[in-house]
Structure formats: structure tokens, C-alpha cells
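Colleague: This is the structure alone, sequence omitted:
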């Protein structure tokens, strides 16, 4: 029960950050906001402000910021439809941007609770593994297959994505840049090179740097994962929906209680909010990115697209997204009952 409550609070935090981004940018741009809602379905709390109705609703998945003239033509001076395209883009993008900023702030909190981080520097090379006699203690790995890496998470993700194919590592050794190629070893389904990474003590400056790098790396991970789904490198059976997210939050909460540290839970929350932010910016109908796409198209053709036609596209996108969510929830339930 406690884990479910924690999951609800996490969802509410993420939704509030997203909708607040839309809300504050709309107010700055002079758009009338009729309702600011956290959750969907029937409302159990309402508070009428000077202009906006603030509400909490029963289903903690989703929310909305209802603006004047958002989905229809309006002659009102405070309508979304009457604003310039740059202002529309700002309002539409602000929800996702706020999610990403929230993820960064969570990583700042995490970094300031951490004394040291694991970095892509070789500490120990293990015998009987591919990296033995190739890597040396003190090697700083800067690139994997030509891609720059800054953190151990970045490094491990690129090596895992490479699979069992030979991997090219660019490294700095005694002030010199070297390029080596290592063929990984598959051990119990894990791709291993055979070295242990070193750690780096943190100061004020690099705490902020690693918070930033983790935010960037998690953002890239979302795009990479979507690309893997589209290309078939990862199957749709790996998709996870709300039930799976609640389960993972519960696992992170249990881990936090056992270890006496809430950092694993904060990392997961940061990942979820960054995931939501980046995904919402993709040009998919019904998402903020889809609406941004229509604004950009109207700028190119120098003509506003009729709201009813745009609405049809977003409705179709919404139906498809709900179908995908139902499919992902089915995956979640299968995994939960099998575990």
C-alpha cells in the first residue's frame, strides 16, 4: 500500500511539473487558462482562482492545462490561437522542458548527496577477460565506437548496445591518445570486457557537471530506445506501461528502505520525468511535439491549419497511443504474474 502511495506521489510530481510548465508560459504570454488539473476523471478537489480553476482528479495518470482557444477558434485577446507562432511554440514546449529541468534538479540533489561517482577510467583489469593485456589501470576511455562518453552509465550503455561485436575504444594513456579494439565476452547474457571502473570524488563544480551529463545521457537513451523499437532491434514486448512503472517505483522504494538511502528512487523518478519530457517533444500526434509540428508546418506554408483538421489527426494519434498503452500494460501484467 505504501509503495502504491509513493507511486501516486511520483506521478503527481511529474504531472504537476509538466502542466506547470504549460501554465506559467501561458500566463507569461497572456493566454487565459481556464483550468489547471492534476489527474483525470472526476474531480475530488476544486479551488477557483482569480481566473483559473485548480483541480485534483481521481485518476493520477495525466493532467491538463485548459487554455482559451487551444482547440478551437477564439476572438478573445487571451486565446492561444491569437498568439504568435513563437509564443505558441514556447507554451507547447514548456511542459516537456519543465520535465527535463525537474530531472536535472533531481540529479543535482542526488549528486550533492553523493561523495564520489564511477567514471570511465580503468581501475582494475581482470584476468581471463578480453580487456586483459589491452587496457591498463589509469586508462581514461573517452569514446566508444567514435561516440564521446563522459560517465560510466554512458560507457556501459554504448558497450551493451554494441553487443558481442568488436568494440573500438578511444582512450588517453599517459597523455597520449590511443585506439584499441576489443571483442566482448558473453557471460550469462551479459556483455563484458573485463575491467572495473574507477571513482572520482566530487566537488561543487563537477557535481553540477555530472547532474547535467546524467540528464543528457538519459535524454539520449530515450531517443536511442525509440530508434531500437522502430528498427526492430528491441521487440514491442519490452514496452512498459503504467503498471510496470508502478512496479519499478515499488522496487526502488523497497531498495531505498533496505539500503537506508532514497537515491535509487530519485534516480528512477529522474529517469521517468526526463523520459516523459523527451517523448512529449517527439512529432507524434496528440503529444506536445505533434502540436509543435503543426505550428512549424503552418510557419513554413504561412497559413494556419484549420483546428478541426488538426484535431482529427490528434484524435487518431490519441487512439493509437491508448492502444499502445493497453498493449504495454498487458506486457506489464504478464511480467508481474510471471515474477
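Modeller: Looks like it arrived, so ask away. From a predicted model like this one, the values you see are computed outputs, not experimental measurements.
Colleague: Just give me the residue closest to the centre of this protein.
Modeller: For the chain, the residue nearest the mean C-alpha position is residue 275 (1.6 Å; Cα atoms, centre = their mean).
Colleague: What's the separation between that one and residue 184?
Modeller: Counting by Cβ to Cβ, to the nearest Å, the gap between residue 275 and residue 184 amounts to 27 Å. The way it works is simple: take the backbone N, C-alpha and C, and place the C-beta from them, glycine included.
Colleague: And for residue 37?
Modeller: Per Cβ to Cβ, residue 37 is found 49 Å from residue 184.
Colleague: Likewise for residue 124?
Modeller: Taking Cβ to Cβ, one finds residue 124 at 17 Å from residue 184.
Colleague: ok, back up a step: how about the contacts made by the residue nearest to the centre of the chain?
Modeller: 218, 222 (Cβ atoms under 8 Å, 6 or more residues apart in numbering).
Colleague: Can you say which helix or strand has it in it?
Modeller: Assigned by DSSP states H and E, residue 275 belongs to helix 263-280.
Colleague: can you give me the strands in the stretch 201-339 of the chain?
Modeller: Applying DSSP state E, counting those that start in this stretch to the stretch 201-339 of the chain gives no strands.
Colleague: residue ranges with poor pLDDT in it?
Modeller: Applying pLDDT under 70 to the stretch 201-339 of the chain flags residues 234-238, 241, 243, 332, 335-336, 338-339.
Colleague: again, only this time at 50
Modeller: Within the stretch 201-339 of the chain, no stretch has pLDDT under 50.
Colleague: For it, which segments count as helices?
Modeller: All helices of the stretch 201-339 of the chain, identified by DSSP state H, counting those that start in this stretch, fall at 204-231, 242-259, 263-280, 288-301, 307-338.
Colleague: who does the second one touch, helix- and strand-wise?
Modeller: What it means is helix 242-259. With contacts defined as 3 or more Cβ pairs under 8 Å, 6 or more residues apart in numbering; DSSP states H and E, helix 242-259 has these neighbours: helix 2-28, helix 263-280, helix 307-338.
Colleague: Show me what counts as buried in the helix or strand that comes right after the first one.
Modeller: The reference is to helix 2-28. Sequence-wise, the next helix or strand downstream of helix 2-28 (DSSP H and E) is strand 33-48. Within strand 33-48, the residues scored as buried using 16 or more other Cβ atoms under 10 Å are 33, 35-39, 43.
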